[in-house]
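**Q** sequence first, predicted model second:
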Amino acid sequence: MTEAFTSWDAADHLKTDEDMLAYLESCAAEDPGDGSLIRAALGDIARAREARLRRYYPAIIDREGSHYGISFPDFPGCVSSGATPEEAIEGGREALAGHVDLMIRDGDAVPEPTPLEAVTWEEDEDVVCVALVPVVIPGH
């Protein structure tokens, strides 16, 4: 008989502040005295909090000659490029993070992500793919 295991991450189940507090209190009560369970719980809680702040925005990756460009329909003017689609996406991730940071500093509202099925582009664009790019929205 073969047993199958699946990975389990506590951070995936910590949805509310109350969940996080209860989890931390339980780990503190079960800690063997060396702080190991408390440190692990704090790491899980940090990942859960970051996940709550993360949004995924659609990005259009298109070919521009020998390079690839990336643009975000929800953020006109937020663009980047690279020698490969992967480099364009990495540059786009940095550009999106900077763009969102400036919007928040200026007090501008950060839009909700457009659903993938609603993403459109110009007919003359040589679109390679549409990707979802993560960004952390502080205070959201």
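**A** Received, thanks. Numbers count the residues shown, from 1 in each chain.

**Q** who touches residue 27 in this structure?
**A** 37-38, 40-41 (Cβ atoms under 8 Å, 6 or more residues apart in numbering). C-beta here means a position set from N, CA and C on the backbone, and glycine is covered the same way.

**Q** ok, and the most crowded of the residues you listed?
**A** residue 41 (21 neighbours; other Cβ atoms under 10 Å).

**Q** still on that earlier bit, identify the farthest-apart pair in the contacts of residue 27.
**A** Spatially, the most separated pair among those is 38 and 40, at 7.3 Å (Cβ to Cβ).

**Q** and the contacts of the biggest helix by length in the chain?
**A** What stands out as the longest helix in the chain, according to DSSP state H, is helix 85-105. Contact with helix 85-105 is made by 57, 59, 61, 67-70, 72, 75, 77-82, 109-110, 128-129, 131, 133-139, as judged by Cβ under 8 Å, 6+ apart.

**Q** 10 Å instead, please
**A** The contact list for helix 85-105, computed with Cβ atoms under 10 Å, 6 or more residues apart in numbering, reads 55, 57, 59-64, 67-72, 74-75, 77-82, 84, 108-111, 128-129, 131-140.

**Q** only whichever of the residues you listed are buried, select them in PyMOL.
**A** Remark: buried members of the contacts of helix 85-105, expressed as a PyMOL selection using 16 or more other Cβ atoms under 10 Å:
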select buried, resi 55+57+59+60+61+62+68+69+70+71+72+74+75+78+79+80+81+82+110+131+133+135
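
**Q** coming back round to it: which elements pack onto the very next helix or strand once past the longest helix of the chain?
**A** Next helix or strand after helix 85-105 toward the C-terminus (DSSP states H and E): strand 127-136. Counting by 3 or more Cβ pairs under 10 Å, 6 or more residues apart in numbering; DSSP states H and E, the packing neighbours recorded for strand 127-136 are helix 36-53, strand 54-64, strand 67-71, helix 85-105.
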